[in-house]
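> Below are the sequence and a predicted model for it; my questions follow.
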Amino acid sequence: MSTIEYTLSDFPSPVVSGFSLKLFAWSTESSVTIRESVISQAGIHKIREFVPPLTLHGKKVRFDPTLAPLVHPSKEDLARSTPTKEDLQEILMNRPHLEKSDFEFLSIGQLYQEYLNQTLTPLIIAERIESILKQSNEGPTPLKLLISHSAEHFLQQARESTQRYQDGNPLSFLDGIPVVIKDELDMVPYPTTGGTKFVKEPATKDSSLVRKPREMGALLIGKSNMHEIGIGVTGVNVHYGTVRNPYNINHMTGGSSSGSSAAVASGVSVFSIGTDGGGSIRVPASFCGLFGLKATFGRISGGSGFASCPAVCHVGPICGSARDLAATYVVLSGKDDSEEFTTHIQPPVSLHKFNEVQDLSDVRIGLYDPYFRHADPEVVDTCQKFVDQLVARGATIVPIEIAYLEEAKAAHLVTIVSEMATLIKGFMAQDPNRLYDLSLTTRIPIALAENFKSTDFVLAQKFRTLMMEQFKTLFERVDVIVTPTCGRTAPELNETMLESDEWNTFDTVKIMRFAALTNLTGNPSITFPAGYSEEGLPIGIQFTSNWWNEDVLLRLAHVSEYLVKKRTPATYFALTKSRKLTSEK
């Protein structure tokens, strides 16, 4: 019998766009009463009025504030061993024959093998990417993958990589592998715009997260397009154009790592790096049929960059396969002396049991039924069928309950919007008119933050502690918790949205329903395809594990490659001659 009432709301509200959106933005910025009404509808009163219970799940409740969700690893985590470069190369090169799939995204291992065999060179690939980038932005529906790109800089990297292969001295398995970087991370020679139009100064040095793949020889294509300051999940950007979903160019990519996901899904990039403050890796990866990992808070350095929401932001890779995701996760992870969060408590990075895909009898899957089913029927059915396949391989379903999901949603909202508003206030201190350089849908939440109290922020961090302690208890009983990644498939774009975006809190909440909680708690979460809708749109499934236990998430992602038949995106550009080139439909 359930002892916890499921109260997570849908946030029904009208869609506001066009002139009405301008009026709503002006009213929100002008009226304290309107702002208070909006944040009350968003559930802020839930945390203001909350009285913590004495116990939860049989344990005494902690309700003190936690400002950064850093958790000390267990003895088992500390005893794990980190894969060597040879281990990673074996994972990448020894691809299993995946009978289920007629299509596979071009992988790191495939391209690396082509280079070693001298059947392709990094320069040939780079020249093809240059041609594809031009092609992708032609016509009435350009993909708009990138904000910044220098052909000269990109091709010079490719020439140097080609020479290394000719000399027999590639730097690593990433040498010559194309990658795009989300425009929140510093990368020479480009500005870090965060999707805004007023940041123009070029970065003077690479973020540590960019430095790692560069030092391994990866080809840095450029800075990917993104939702402005990372504050939305649509991928609409009125300054640089809206990124299109390669599975259906009339639908959203999701955000905010929109260009990072679409670049991989369209075949332009083999992998990408994104950031995730409330689903910004997992949402677009899900909508674009990809594998995306938000690692444990502090596992991967955020490095230098736009830093719009450091208390909830995670950095991670987006890839076309579990093998590529596992390898890039290991490459990007680890202690970083330039960032305090990654230097003190991090255990070894592990891929424990990554190749054990047939027998899952050691995997306990926590499932909170009303939460799992709070999505569109097609999404729920697809995810349920995938879970059933895991059970057929021996996994155990453990019914669980998660309390205070509605309050946790409000706590995340207060935290992330407060951080983003503080960032924008800093820019406005230099030039107050910069506010009007922002899109209307960015200005509205920045205005709403004016009504947040200091006590709201402290209460939000107390809820962070409460939810973290609840997860600690739950992960004593389970290895992972499963939900859909999003409550729906990728929404369709419309002309009004492309011109000025739209304020649609119902869809935003539905899309973010399962994602934002682990940004608050700092747990690692992964998304990968569970199947596709009747329209052919990808449906992602999300698994969350205990802190530092990314290995079990990557193992389940690997299992999925034997269970889910991948479909070719409608817009896909093949970088190798052996791969069929498809174009816009």
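That came through, no problem.

> where do the strands sit along the stretch 151-300 of the chain?
178-182, 219-224, 271-276, 291-294 (DSSP state E, counting those that start in this stretch).

> can I get the ones you listed in a markdown table with distance to residue 314, mean pLDDT and mean neighbour count?
(Glycine included, C-beta is placed from N, CA and C.) Formatted as a markdown table, these follow (distance: least, C-beta to C-beta, whole Å; pLDDT from 0 to 100; neighbours: other C-beta atoms under 10 Å):
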| stretch | distance to residue 314 | mean pLDDT | mean neighbour count |
| --- | --- | --- | --- |
| strand 178-182 | 12 | 98 | 30 |
| strand 219-224 | 17 | 98 | 27 |
| strand 271-276 | 5 | 96 | 31 |
| strand 291-294 | 4 | 98 | 32 |
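
> any chance of these in CSV, plus distance to residue 376?
Shown next, in CSV, are the strands of the stretch 151-300 of the chain (distance: least, C-beta to C-beta, whole Å):
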stretch, distance to residue 376
strand 178-182, 28
strand 219-224, 28
strand 271-276, 23
strand 291-294, 20
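
> Quickly note the distance from the nearest residue to residue 357 once chain neighbours are set aside to residue 539.
What sits nearest to residue 357 in space, not counting adjacent residues and going by C-beta to C-beta, 6 or more residues apart in numbering, is residue 559, at 4.6 Å. The gap separating residue 559 from residue 539 is 17 Å, by C-beta to C-beta, to the nearest Å.

> quick one, which of these two is more surrounded?
residue 539 (28 against 22; other C-beta atoms under 10 Å).

> wouldn't the more buried one be in contact with residue 531 here?
Yes: at 5.2 Å, residue 539 and residue 531 qualify as touching, with contact defined as C-beta atoms under 8 Å.

> got any residues that touch both of those two?
Taking C-beta atoms under 8 Å, 6 or more residues apart in numbering as the criterion, residue 539 and residue 531 both touch residue 382.

> coming back round to it: please tell me the pLDDT value assigned to the residue nearest to residue 357.
Looking at residue 559, its pLDDT is 97.

> helices or strands up against the helix or strand hosting it?
Taking DSSP states H and E as the criterion, residue 559 maps to helix 550-563. Here helix 550-563 touches strand 291-294, helix 322-332, helix 377-392, strand 480-484, strand 525-532, strand 538-545, going by 3 or more C-beta pairs under 8 Å, 6 or more residues apart in numbering; DSSP states H and E.

> who touches the helix or strand hosting residue 472?
Residue 472 is part of helix 454-474 when elements are defined by DSSP H and E. Defining contact as C-beta under 8 Å, 6+ apart, one finds that helix 454-474 is touched by 44, 47-48, 50, 52, 56-59, 61-67, 69, 71, 366, 400, 402-404, 407-408, 410-412, 414-415, 418, 481, 517, 520-523, 546.

> how about the helices in the stretch 151-300 of the chain?
In the stretch 151-300 of the chain, the segments counted as helices under DSSP state H, counting those that start in this stretch are 151-166, 208-215, 258-265, 282-287.

> Lowest average pLDDT across these?
The bottom spot among the helices of the stretch 151-300 of the chain, by mean pLDDT, belongs to helix 208-215, with a mean of 94.

> Correct me if wrong: residue 271 contacts residue 177.
Yes: under the criterion of C-beta under 8 Å, residue 271 makes contact with residue 177 at 7.2 Å.

> any shared contact partners between those two?
residue 108.

> Chain neighbours aside, what residue packs nearest to residue 64?
Here the residue nearest residue 64, using C-beta to C-beta, 6+ apart, is residue 465, at 5.8 Å.

> sorry, that was for residue 12
Residue 12 sits nearest to residue 506 (C-beta to C-beta, 6+ apart), 5.8 Å away.

> Give the burial count for the one you found, as a bare number.
Using other C-beta under 10 Å: residue 506 sits among 13 other residues.

> so which strand or helix has it?
Judged by DSSP H and E, residue 506 forms part of helix 505-512.

> buried sites along that helix?
505, 507, 508, 509, 510, 511, 512 (16 or more other C-beta atoms under 10 Å).

> ok, the third one to residue 354 distance?
So that's residue 508. 35 Å.

> Tell me which residue of the protein is furthest from the middle?
residue 167 (37.4 Å; C-alpha atoms, centre = their mean).

> That one and residue 160, how far apart?
Relative to residue 160, and taking C-beta to C-beta, residue 167 is found at 11 Å.

> Give me the residues contacting the helix holding residue 506.
The set of residues external to helix 505-512 that reach it, using C-beta under 8 Å, 6+ apart, is 9-13, 15, 42, 232-234, 254, 278-279, 283, 375, 409, 486-488, 491.

> The most centrally placed residue in the chain: what's it in contact with?
Ranked by distance to the mean C-alpha position of the chain (C-alpha atoms, centre = their mean), the top residue is residue 281 at 0.8 Å. Residue 281 makes contact with 257, 260, 274, 275, 292, 293, 294, 314, 316, 318, 527, according to C-beta under 8 Å, 6+ apart.

> Counting neighbours, what do you get for the residue lying closest to residue 47 once chain neighbours are set aside?
Distances taken as C-beta to C-beta, 6+ apart place residue 459 nearest to residue 47, at 4.7 Å, with adjacent residues excluded. Using other C-beta under 10 Å, residue 459 has 23 other residues around it.

> distance of residue 459 from residue 318?
33 Å.

> now the angle from the helix holding residue 472 to strand 538-545?
Orientation check (axes from the mean of the first three to the mean of the last three C-alpha atoms, to 10 degrees): helix 454-474 against strand 538-545 gives 80 degrees.

> gap between helix 454-474 and the chain center?
22 Å (C-alpha atoms, centre = their mean, to the nearest Å).

> That helix vs strand 480-484, what angle?
Using the same axes, to 10 degrees: helix 454-474 against strand 480-484 is 120 degrees.

> So which bits of helix 454-474 are buried?
Neighbour-count burial for helix 454-474, counted by 16+ other C-beta under 10 Å, picks out 456-457, 459-472, 474.

> what does stretch 414-430 give?
414, 415, 416, 417, 418, 419, 420, 421, 423, 424, 427.

> likewise stretch 82-94?
83, 88, 89, 91, 92, 93.

> Out of those, give me the two with the largest separation.
Within these, 83 and 93 form the most distant pair, 13.6 Å apart (C-beta to C-beta).

> now the helix or strand hosting residue 428 and helix 505-512, what's the angle there?
According to DSSP H and E, residue 428 maps onto helix 405-430. Using the same axes, to 10 degrees, the inter-axis angle of helix 405-430 relative to helix 505-512 is 110 degrees.

> Can I get the following helix or strand past helix 405-430 in CSV, CA atoms only?
Using DSSP H and E, the helix or strand that follows helix 405-430 towards the C-terminus is helix 440-448. In CSV, the C-alpha atoms belonging to helix 440-448 read as follows (Å, rounded to 0.1, in the frame of the first residue of the first chain):
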residue,chain,number,x,y,z
LEU,A,440,11.5,37.6,-24.7
THR,A,441,11.4,34.1,-23.4
THR,A,442,14.7,34.7,-21.6
ARG,A,443,13.6,38.0,-20.2
ILE,A,444,10.5,36.6,-18.6
PRO,A,445,12.2,34.1,-16.2
ILE,A,446,14.9,36.7,-15.4
ALA,A,447,12.1,39.1,-14.4
LEU,A,448,10.4,36.4,-12.3
